[in-house]
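**Student:** Requesting a structural model of the entry that follows:
(chains A and B)
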Amino acid sequence: MIAAVHPETISESLGDALALAGVSVKTTDDLGSDSGTVREADVLIVELGLAPLRQLREVARIEEMLALPILLVIAKEHLAILESSGVSADFVIAPVDPLEFRIRINRLVTVGDGDQVVRFKDLELNPLTFQATLDGEPMDLTYMEYELLRFFMENPVRVWSREQLLSKVWGYEYYGGARTVDVHVRRLRSKLGEGRASWITTVRSVGYRWG
Amino acid sequence: MSKESEYVMRTVEERGIRFIRLWFTDVLGFLKSVAISPAELEVAFEEGMTFDGSSIDGYARIQEADMLARPDPTTFAVLPWRPEQQVARMFCDISTPDGEPFDGDPRTVLKRNLERASEMGYTFFTAPELEFFYFADSGPEPKVLDRGGYFDLTPLDVAQEYRRQTINALEQLGIPIEHSHHEVAPSQHEIIARYTDALTMADNIMTSRLTVKEVALQAGIYATFMPKPLQDHDGSGMHLHLSLFEGETNAFHEPGTQGGLSKVGEAFIAGLLRHASEMTAITNQWVNSYKRLVGGFDAPVYISWARNNQSALVRVPSVKRGKPSSVRVEYRAADAACNPYLALSVILAAGLAGIREGYELPPEVSADVREMTQAERAAVGAKRLPDTLATALDLMEGSDLMAEALGEHVFNWFLRNKRAEWSRYQSHVSRYELETYLPIL
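**Tutor:** Alright, predicted model coming up:
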């Protein structure tokens, strides 16, 4: 993970926290949204210093321009100006607690990670938005169809029995029982359409396999 | 918020859905809908939507009018017939204001019966054959669109295109269709849905009936599930294919027996036969339903079973070799104008009673029971199904099994409502009477 850190000179507690978090640090004095260091980072860390108002204005602008997770390091006396700044980024109070810092940036980066999209040929599934597209066209899926498709795409190649699919995808006692899996596979195949229906293979007297 | 609800909220946002219709069903089987905007969705999931239950047939009395409709997020689907408007729907469970499942809600009734099956280790699967007519309009004189017959193809079958559009819409709604064809009577059609669990299937039957009607409406014609609209032709039924599964195993199948039918399957059929008369008021709930259950047409009249005999009430269709999962029982009395939640409830209750009490299956009747003399029928024990709604109601009223399957609320309300329907019908002077009696008496 690459963290862009502003400004170049930071407090000792932030320095220690960065070291403990195990991220590669690139410091910069340039907070412009076209700054290369900022654009290439996975997360931006801004420690408010001598000119907090100007820094917050620049952060607000980055929030507008880039989908980049931002963590502010802020002294208690600056909380009031943060509140009125319109900046929505998460923050930690200085001096920084290193464990809190590590948890927060890990969460920011996991949540904000744009590319969790799973792909198979012309099928794309985005777990963040719960949407699947086929050749760019959105698919109309019920919740369980979506969950089954996601499970298949994230766990391809190996064969899953109906009971395994039922416990892993449905996860609770369901009126339909194991036969429900067959019904949903058939519905998914029908929605994938001819030519793609064979992406879900029936393995005789065992179960189903994706791909 | 559950993951299912989150899925719905996210999809509504991503797909630009503008209205969400919350669907539920009254006791007579009519679909009810309240539309909400995406902004109200979260409250609907968290708290349910309040509505006045006293305006719904078979729901509450005035003094206990407030009801909550709680959408079931697993039933979320985008409605395909108005793509430009982006409308979606969910089925609802109905509860009282303090959150108790409401006894008058047919979906709740079916869920309770499915729980009873589940306590015995069974899950209930069904597939319906939905028959219906296309007429030129909804006026009192049915005007057929064609003179086609069974399996006929163009140019007689002008409705092919409507059927095709209907099937496309159903597939988009997640309801796979096995096949569709022109039925025996002029302008009569059939679509057969692939089997699924009974709760989903009851939802699917409600959705299918609406879809058939919507597509017809857009084509400027009228579709009807009225059981017997044309006096001289077959009526519209809804044959139901039934099976019970224990986990992955079809409980109706046993290798090496005749037709592959297990002891459980036999007892289930015995239950259907013994309680058939008591449940006919539910499976055939209109005065007109009994005009279909008469001799001379392809409808069951006598209570018997057979492996391959179109005159039997219960049939065990032959299955392809090596397909044990498709051994099933076909119940042929119900019509497509029933309340599917209640019909599946009573059918399941009858079959389970057969298994629980170990009913003995009477011998198969392979001859055509409609051709037999009364004495021959008595000899094989083939009694007649109730011949009018009034008879059916009497038989239902005396049945503890029906009261238990439906719950006291639905049982009592249904009998009251249907007695009133019968009494309105009895005081009506029909065209038959005017044409037959007026000239001579």
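
**Student:** who in chain A is up against chain B?
**Tutor:** Residues of chain A lying near chain B by C-beta under 8 Å from any C-beta of the partner chain: A:129-131, A:138, A:140-146, A:162-163, A:173, A:175-180, A:183, A:186-187, A:190-191. (C-beta placed from N, C-alpha, C; glycine too.)

**Student:** element containing residue B:20?
**Tutor:** strand B:19-25 (DSSP states H and E).

**Student:** Report all helices and strands that that strand contacts.
**Tutor:** With contacts defined as 3 or more C-beta pairs under 8 Å, 6 or more residues apart in numbering or on different chains; DSSP states H and E, the packing partners of strand B:19-25 are strand B:31-36, helix B:38-47, strand B:66-71, strand B:87-95, helix B:106-119.

**Student:** Where does pLDDT dip in chain A?
**Tutor:** A:33, A:110-115, A:172-176 (pLDDT under 70).

**Student:** Show me the strands in the stretch 151-300 of chain B, by range?
**Tutor:** Secondary structure of the stretch 151-300 of chain B by DSSP state E, counting those that start in this stretch: the strands cover B:177-182, B:188-193, B:196-197, B:222-224, B:238-246, B:249-250.

**Student:** nearest to residue B:9, of these?
**Tutor:** strand B:196-197 (25.4 Å; C-beta to C-beta).

**Student:** Sheet partners, orientation included, of the closest one?
**Tutor:** strand B:123-135 (antiparallel) (DSSP bridges).

**Student:** could I get the partner strand in CSV with only the CA atoms?
**Tutor:** Provided in CSV are the C-alpha atoms of strand B:123-135 (Å, rounded to 0.1, in the frame of the first residue of the first chain):
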residue,chain,number,x,y,z
THR,B,123,-39.8,-29.8,1.4
PHE,B,124,-42.7,-29.4,-1.0
PHE,B,125,-42.1,-28.8,-4.7
THR,B,126,-44.7,-27.9,-7.3
ALA,B,127,-45.2,-27.1,-11.0
PRO,B,128,-48.5,-25.7,-12.4
GLU,B,129,-50.1,-26.0,-15.8
LEU,B,130,-51.8,-22.6,-16.2
GLU,B,131,-54.7,-22.6,-18.7
PHE,B,132,-56.4,-19.4,-19.8
PHE,B,133,-58.4,-17.8,-22.6
TYR,B,134,-57.8,-14.8,-24.8
PHE,B,135,-60.9,-12.9,-25.7
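
**Student:** Could you give the average pLDDT over that strand?
**Tutor:** When pLDDT is averaged over strand B:123-135, the result is 95.

**Student:** closest point of the stretch 1-150 of chain B to chain A, which residue?
**Tutor:** residue B:123 (3.6 Å; C-beta to the nearest C-beta).

**Student:** and that residue, what does it touch?
**Tutor:** The contact partners of residue B:123, taken as C-beta atoms under 8 Å, 6 or more residues apart in numbering or on different chains, are A:175, A:176, A:177, A:179, A:180, B:114, B:117, B:197, B:244, B:245, B:246.

**Student:** What subset of these is buried?
**Tutor:** Those of the contacts of residue B:123 that meet the buried threshold are A:175, A:176, A:177, A:179, A:180, B:114, B:117, B:197, B:244, B:245, by 16 or more other C-beta atoms under 10 Å in any protein chain shown.

**Student:** Nearest to residue B:44, out of those: which one, please.
**Tutor:** residue A:175 (22.7 Å).

**Student:** tell me the contacts of residue A:92?
**Tutor:** A:71, A:72, A:73, A:74, A:100, A:101, A:104.

**Student:** Got a quick PyMOL command for the buried subset of the residues you listed?
**Tutor:** In PyMOL syntax, the buried subset of those is picked out as below (16+ other C-beta under 10 Å):
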select buried, chain A and resi 71+72+73+74+101+104
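
**Student:** And stretch B:72-88, end to end?
**Tutor:** Chord length of stretch B:72-88, first to last residue, is 13 Å (C-alpha to C-alpha, to the nearest Å).

**Student:** Check the offset of that stretch from the chain's centre.
**Tutor:** Distance of stretch B:72-88 from the chain centroid (C-alpha atoms, centre = their mean, to the nearest Å) equals 23 Å.

**Student:** can you give me the helices in the chain?
**Tutor:** Since you didn't name a chain, this refers to chain A. A:12-21, A:36-40, A:52-65, A:79-83, A:98-112, A:143-154, A:162-165, A:179-192 (DSSP state H).

**Student:** my bad, chain B
**Tutor:** Under DSSP H, chain B gives helices at B:3-14, B:38-47, B:106-119, B:160-172, B:198-218, B:263-283, B:289-292, B:340-357, B:374-380, B:389-397, B:400-426, B:431-437.

**Student:** for the residue of the stretch 201-350 of chain B found nearest chain A, what are its contacts?
**Tutor:** In the stretch 201-350 of chain B, the residue that lies nearest chain A is residue B:248 (4.3 Å; C-beta to the nearest C-beta). Neighbouring residues of residue B:248 by C-beta under 8 Å, 6+ apart: A:162, A:163, A:177, A:178, A:179.

**Student:** Centroid-nearest residue for chain B?
**Tutor:** Geometric centre of chain B, nearest residue: residue B:340, 3.3 Å, by C-alpha atoms, centre = their mean.

**Student:** Touching, that residue and residue B:30? I think so.
**Tutor:** No: look at residue B:340 against residue B:30 with C-beta atoms under 8 Å: they stay out of range, at 11.8 Å.

**Student:** Residues that sit against both of the two, list them.
**Tutor:** Residues touching both residue B:340 and residue B:30 (C-beta under 8 Å, 6+ apart): there are none.

**Student:** between the strand holding residue B:20 and strand B:31-36, how big is the angle?
**Tutor:** 150 degrees (axes from the mean of the first three to the mean of the last three C-alpha atoms, to 10 degrees).

**Student:** Contacts for strand B:19-25 next, please.
**Tutor:** B:12, B:31-38, B:41, B:44, B:49, B:69, B:71, B:79, B:85-94, B:105-107, B:206, B:339, B:341.

**Student:** Could you pick out the buried ones from these?
**Tutor:** For those, a burial check counting by 16+ other C-beta under 10 Å picks out B:12, B:31-32, B:36, B:38, B:41, B:44, B:49, B:69, B:71, B:79, B:87-94, B:105-107, B:206, B:339, B:341.

**Student:** Name the residues of the stretch 251-400 of chain B found near chain A, please.
**Tutor:** Residues of the stretch 251-400 of chain B lying near chain A (C-beta under 8 Å from any C-beta): residue B:325.

**Student:** how about low-confidence regions in the stretch 251-400 of chain B?
**Tutor:** B:322.

**Student:** Make TSV out of the contacts of residue B:123 and add distance to residue B:401.
**Tutor:** Output for these, formatted as TSV (distance: C-beta to C-beta, whole Å):
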residue	distance to residue B:401
A:175	21
A:176	25
A:177	24
A:179	26
A:180	28
B:114	16
B:117	14
B:197	22
B:244	17
B:245	23
B:246	23
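
**Student:** Looking at those, spot the one nearest residue B:266.
**Tutor:** residue B:244 (12.3 Å).

**Student:** For the closest one, list each beta-bridge partner.
**Tutor:** Residue B:244 forms beta bridges with residue B:124, as assigned by DSSP bridges.

**Student:** can you tell me how far it sits from residue B:126?
**Tutor:** 10 Å (C-beta to C-beta, to the nearest Å).

**Student:** Likewise for residue A:43?
**Tutor:** For residue A:43 relative to residue B:126 (C-beta to C-beta), the value is 54 Å.

**Student:** List the contacts of residue B:103.
**Tutor:** B:109, B:407, B:408, B:409, B:410.

**Student:** Would you point out the most distant pair within those?
**Tutor:** Going by C-beta to C-beta, the pair spanning these furthest: B:109 and B:408, at 11.2 Å.

**Student:** before we move on, the earlier item: Throw the helices and strands packed on strand B:19-25 into JSON lines and include distance to residue A:17 and mean pLDDT, thanks.
**Tutor:** Below are the helices and strands packed on strand B:19-25 laid out as JSON lines (distance: least, C-beta to C-beta, whole Å; pLDDT from 0 to 100):
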{"stretch": "strand B:31-36", "distance to residue A:17": "47", "mean pLDDT": "94"}
{"stretch": "helix B:38-47", "distance to residue A:17": "37", "mean pLDDT": "93"}
{"stretch": "strand B:66-71", "distance to residue A:17": "45", "mean pLDDT": "93"}
{"stretch": "strand B:87-95", "distance to residue A:17": "46", "mean pLDDT": "95"}
{"stretch": "helix B:106-119", "distance to residue A:17": "53", "mean pLDDT": "96"}
